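A.B. asks: just to be clear, the model below is a prediction. Sequence and coordinates:
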Amino acid sequence: MLVALAALSYPPPLRRNGFQWAGAVALLAAGMGFIAVRGNVPDVVSVLGAHASSVAGLGAFYYSLQRFQGRRPRLLWTYLPLPLAVASASYFYFVVPDYGMRVAVFSAITALQMALCAGVLAPGGGPAPRTARLVAVGFAACSALLLVRTVASLRVTAAATPGAIFRASLLEQGIIVGVFIGFFALSLSFVILCNESLNRELARQATTDSLTGCLNRRTLEELAEREAARARRHDRLLSIALIDLDHLKAINDEHGHAAGDAALRHVGRAFAQTVRSQDLFGRYGGDEFLLVMPETGKADAVAACERVCRAVKSAIVEQDGVQLPITVSVGVATSRGGGVEVAGLLGAADAALYAVKAGGRNSVRVAAAV
């Protein structure tokens, strides 16, 4: 119930995962319920009900984790354990009555399911990589406990009764308590996984431009100030380039705003594919982009901007079957050490950009000394 209540506050994709997880916990609870009513209902109902509900719950865990990690669920491993568990329980109850083997096979199947869940999360990745690895450890620990239970059950004679397994020994009680605590902790961990995913998404939205996927203006300015402080502290070069998408208004007027949006996204992709990993780039506002190049002099800055210009111009952008001619104009400013100030570099780059526009656009110009 708590997982389901938490899921109500999530956006639709996570909400679906949360409800799936809550359903998995409910199935496990049903499995424990069938065990609890043993003796008050026909054994066939409690035995097959416990096996089917518990294995179905673990299958739902696996399915939910696959979806959470952004993967296509592997349906074979999701659904195959259920008929195997029901078939083995039926065989060792009706055909060859053997309580120890029935519990051993059931424990082995559930241990495999737990290991599969751990395997989904162990590499990290997905929307919550840090917590995912920790939750993988929890699933692996539960899997290990169930394997111990498998081995312990194999030592029980064929004529044994349920009391031979659920007896007052530290090993058996420790396994049962450990698995119960594990299920509780894993459900709490799933809520933490979802919260980490939400926090990462909120951080992404706060730092990126929704249209182009590049950094937004506020983040760019913060990072540029940080690089400027580092350049002053270590007497390093810093170059800044203002890039303007040529004739965006004309594209909007002639082809519609969807075409203008496609042109802006195209420029963002050109940046992502062209600039160095240490450079910072993003949308500065409207049709302007900003490129911050740490430890880069004028010549290298101009070369980098010319590569961007070529990448933008060479790619074909189509909107509704019409090819859009996309070019950019660039103004570059460079400074070093104590003279590095973001405001001064932006002003100089803007002046250089204005000169490029006045001179015909689609080129790079370097500002005078800052």
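C.D. replies: Structure's in. What do you need? Numbering: from 1, shown residues only.

A.B. asks: what packs against the helix or strand harbouring residue 135?
C.D. replies: Following DSSP states H and E, one finds residue 135 within helix 129-154. Here helix 129-154 touches helix 99-121, helix 170-207, going by 3 or more Cβ pairs under 8 Å, 6 or more residues apart in numbering; DSSP states H and E. For the C-beta atoms, the positions are set from N, CA and C on the backbone; glycine is no exception.

A.B. asks: can you tell me how far the closest residue to residue 128 other than its chain neighbours is from residue 97?
C.D. replies: Spatial nearest neighbour of residue 128, excluding adjacent residues (Cβ to Cβ, 6 or more residues apart in numbering): residue 196 at 3.9 Å. Separation of residue 196 from residue 97 (Cβ to Cβ, to the nearest Å): 48 Å.

A.B. asks: before we move on, what about residue 144?
C.D. replies: 29 Å.

A.B. asks: what does residue 257 give?
C.D. replies: 74 Å.

A.B. asks: residue 331: what secondary structure?
C.D. replies: strand (DSSP: H, G, I helix; E, B strand; the rest coil).

A.B. asks: residue ranges in the chain under the pLDDT threshold?
C.D. replies: 157-169, 172, 369-370 (pLDDT under 70).

A.B. asks: can you pick out the residue with more neighbours from residue 196 and residue 97?
C.D. replies: The residue with more neighbours, out of residue 196 and residue 97, is residue 196; 17 against 12, by other Cβ atoms under 10 Å.

A.B. asks: where do the strands sit along this structure?
C.D. replies: 237-245, 280-285, 288-294, 317-319, 322-324, 328-336, 364-366 (DSSP state E).

A.B. asks: of all these, which one is nearest residue 81?
C.D. replies: With Cβ to Cβ as the measure, strand 280-285 is the member of the strands of the chain nearest residue 81 (47.8 Å).

A.B. asks: name the residues that touch the closest one?
C.D. replies: 208-209, 211-212, 214-217, 219-220, 223-224, 227, 242, 264, 268, 271-272, 275, 289-292, 294 (Cβ atoms under 8 Å, 6 or more residues apart in numbering).

A.B. asks: try 6 Å this time
C.D. replies: By Cβ atoms under 6 Å, 6 or more residues apart in numbering, the residues outside strand 280-285 that reach it are 209, 212, 214-215, 217, 220, 223, 271, 275, 289-292.

A.B. asks: mind putting those residues in CSV, distance to residue 300 and neighbour count included?
C.D. replies: Output for these, formatted as CSV (distance: Cβ to Cβ, whole Å; neighbours: other Cβ atoms under 10 Å):
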residue, distance to residue 300, neighbour count
209, 26, 21
212, 25, 21
214, 21, 24
215, 21, 24
217, 25, 14
220, 20, 25
223, 19, 17
271, 16, 22
275, 12, 20
289, 18, 28
290, 17, 23
291, 12, 26
292, 13, 26
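
A.B. asks: farthest-apart pair in those, please.
C.D. replies: Most distant of the contacts of strand 280-285, by Cβ to Cβ, are 217 and 275, 17.5 Å apart.

A.B. asks: distance check, the most centrally placed residue in the chain against residue 216.
C.D. replies: Centroid-nearest residue in the chain, with Cα atoms, centre = their mean: residue 127, separated by 1.9 Å. Between residue 127 and residue 216 the computed distance is 21 Å (Cβ to Cβ).

A.B. asks: same deal with residue 317?
C.D. replies: 22 Å.

A.B. asks: next one: residue 107
C.D. replies: 53 Å.

A.B. asks: cool, residue 86 as well?
C.D. replies: In terms of Cβ to Cβ, residue 86 sits 54 Å off from residue 216.

A.B. asks: how deep is the nearest residue to residue 72 once chain neighbours are set aside tucked in, by neighbour count?
C.D. replies: Nearest in space to residue 72, with sequence neighbours left out and distances taken as Cβ to Cβ, 6+ apart, is residue 66 at 7.2 Å. Residue 66 is flanked by 20 other residues according to other Cβ under 10 Å.
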